[in-house]
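Chemist: for reference, the sequence and a predicted model appear below.
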Amino acid sequence: MITMDNIIREGNPTLREVAEEVCLPLKEEEIVLGKKMLEFLKNSQDPEKAEELHLRGGVGLAAPQLDISKRIIAVHVPNSDPEIAEPTLSTVMYNPKILSHSIQEACLGEGEGCLSVDREVPGYVVRHAKITISYYDMDGKPHKIRLKNYESIVVQHEIDHLNGVMFYDHINEKNPFALKEGVLVIK
Ligand SMILES: OCN(O)CCCc1ccccc1
Ligand code: NI
């Protein structure tokens with residue numbers, strides 16, 4: 001089971017590498033890794049398990065954060081409506097790729113954090129508002145989906161990890177809360 005001890009922190013060079021694509025058909029160990037990454041996210045969002053295992057809550061995780069430089073990410077985004085148990089996006093993505101994106105940009109109103117960054121880094125992380133991505137799932141099945149709002153932001157944060165990019169690389173150093181005209185601020 002993955003715990004915080006398995007997550008490497010900023011300063012580890014793996015976080016600045018461009019990760020390798022995985023080959024199809026997926027190796028058993030790559031499928032098992034994906035399942036463990038998703039399990040970690042679910043545990044991190046379960047109050048009892050998170051406390052018991054000392055987990056920071058996470059909605060996404062990328063293999064390089066486990067010191068595995070492969071293009072594998074997991075996302076588990078709960079529904080913003082607490083009445084709805086079904087997550088809005090819960091999957092493992094192999095070789096995720098942004099095929100196209102909106103001109104419009106967006107950012108989270110509260111900024112971003114990262115399980116590999118043990119400090120607050122205030123500021124707007126401006127990203128594409130909408131993206132169309134392709135990826136393979138754990139069964140090796142190809143997908144092409146469009147994402148917007150919070151899900152789009154999370155997946156871009158994770159794909160950044162596959163390219164050695166950290167969220168604070170996007171923050172305007174001079175004025176972290178500078179916002180160009182028309183950028184959508186997601187609450
Ligand atoms: O890479 C995963 N991670 O460090 C956990 C936090 C994920 C995340 C947090 C804020 C906005 C987008 C994504
Ligand atoms: Ni991160």
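Modeler: That came in fine, so what should we check first? Numbers count the residues shown, from 1 in each chain. Ligands and ions are numbered 1, 2, ... in the order given.
Chemist: who touches Ile2 in this structure?
Modeler: Applying C-beta atoms under 8 Å, 6 or more residues apart in numbering to Ile2 gives the contacts Lys36, Met37, Glu39, Phe40, Leu61, Leu66. In this view, the C-beta of every residue, glycine as well, is placed from N, C-alpha and C.
Chemist: all the strands of the protein, residue numbers only.
Modeler: 60-62, 72-77, 89-101, 105-108, 127-128, 131-136, 142-147, 184-186 (DSSP state E).
Chemist: which of these sits closest to ligand 1?
Modeler: strand 60-62 (4.3 Å; C-beta to the nearest ligand atom).
Chemist: run through the neighbouring helices and strands of that closest one.
Modeler: helix 28-44, strand 72-77, helix 149-162 (3 or more C-beta pairs under 8 Å, 6 or more residues apart in numbering; DSSP states H and E).
Chemist: sheet-wise, list the partners of it with their directions.
Modeler: In the sheet, strand 60-62 lines up against strand 72-77 (antiparallel) (DSSP bridges).
Chemist: quick one: which of the strands of the chain is nearest Cys114?
Modeler: Of all these, strand 60-62 sits nearest to Cys114, with 9.5 Å by C-beta to C-beta.
Chemist: pLDDT on stretch 180-187, on average?
Modeler: When pLDDT is averaged over stretch 180-187, the result is 96.
Chemist: how close does the residue most central in space within the chain get to Glu52?
Modeler: Most central in the chain under C-alpha atoms, centre = their mean is Glu158, positioned 3.0 Å from the mean C-alpha point. With the distance defined as C-beta to C-beta, to the nearest Å, Glu158 ends up 25 Å from Glu52.
Chemist: fine, thanks again, bye for now.
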